[in-house]
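S.K.: Compute the structure for the input listed below.
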Amino acid sequence: MTEFERIYDAYFKDVYLYAKALTGNQSIAEEITDDTFFKALKSLDQFKGNCDIRVWLCQIAKNSYYSYLRKYGKLVDYDDHVEQVCSEHPMEKKMIDQEALMMIHSILHELDEPYKEVFTLRVFGELSFSQIAKVFDKSENWACVTYHRAKKKIQNRMEVYYHE
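M.R.: Next up is the predicted model:
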């Protein structure tokens, strides 16, 4: 049995159930699951192993689902949809949150200053823009702009990672 066959056997049900929770439709979930494993097979050598493979597969499934929605002209608000899925499936929310947090920390570690420190102070230190501005002896506007630029850099790197 090949490595991919072992992965398929071990995670097919999880990916299918996740796709079914996303779509609410058995046939679309089957299509999404097939597409997920096809994409995973093509990019298995690119899997970095820095997250649970189930999370990686579910991320591919989610991206396949949103591609499906775009293809067939169905629009959906991503944040609202994820919130709905996560409220119905708390374990999925926990997996997504843990994976995203580890990814943010990893990306944050690579960010240049002052982006790294401003983002850390704002998100983890829970400081206001006014307080951050005082730390750097800059304007409140500077703190706000720097934070949003850091956030955008993190989001862009996360998108690159999840679309690989």
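S.K.: Listing request: residues of the chain with sub-threshold pLDDT.
M.R.: Scanning the chain for pLDDT under 70 picks out 48-51, 73-100, 161-164.
S.K.: Outline the domain layout of this structure.
M.R.: Following automatic domain parsing, the chain resolves into domains at 1-89, 111-164.
S.K.: The ones you listed into CSV, with extra columns for distance to Leu101 and mean neighbour count?
M.R.: Quick note: C-beta positions are derived from backbone N, CA and C, even for glycine. Below are those laid out as CSV (distance: least, Cβ to Cβ, whole Å; neighbours: other Cβ atoms under 10 Å):
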stretch, distance to Leu101, mean neighbour count
domain 1-89, 11, 15
domain 111-164, 10, 15
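S.K.: Met102: which of those domains is closest?
M.R.: domain 1-89 (7.1 Å; Cβ to Cβ).
S.K.: want to try a markdown table for the domains of the chain, with distance to Met103 as columns?
M.R.: Below are these laid out as a markdown table (distance: least, Cβ to Cβ, whole Å):
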| stretch | distance to Met103 |
| --- | --- |
| domain 1-89 | 8 |
| domain 111-164 | 6 |
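S.K.: so which of those domains comes closest to Ile104?
M.R.: domain 111-164 (5.9 Å).
S.K.: how about the helices in the protein?
M.R.: 3-23, 26-43, 53-71, 78-88, 90-110, 115-123, 129-136, 140-162 (DSSP state H).
S.K.: okay, the angle between the shortest one and helix 140-162?
M.R.: Using axes from the mean of the first three to the mean of the last three Cα atoms, to 10 degrees, one finds that helix 129-136 and helix 140-162 are set 100 degrees apart in direction.
S.K.: same thing with the third one?
M.R.: Counting by the same axes, to 10 degrees, helix 53-71 lies at 100 degrees to helix 140-162.
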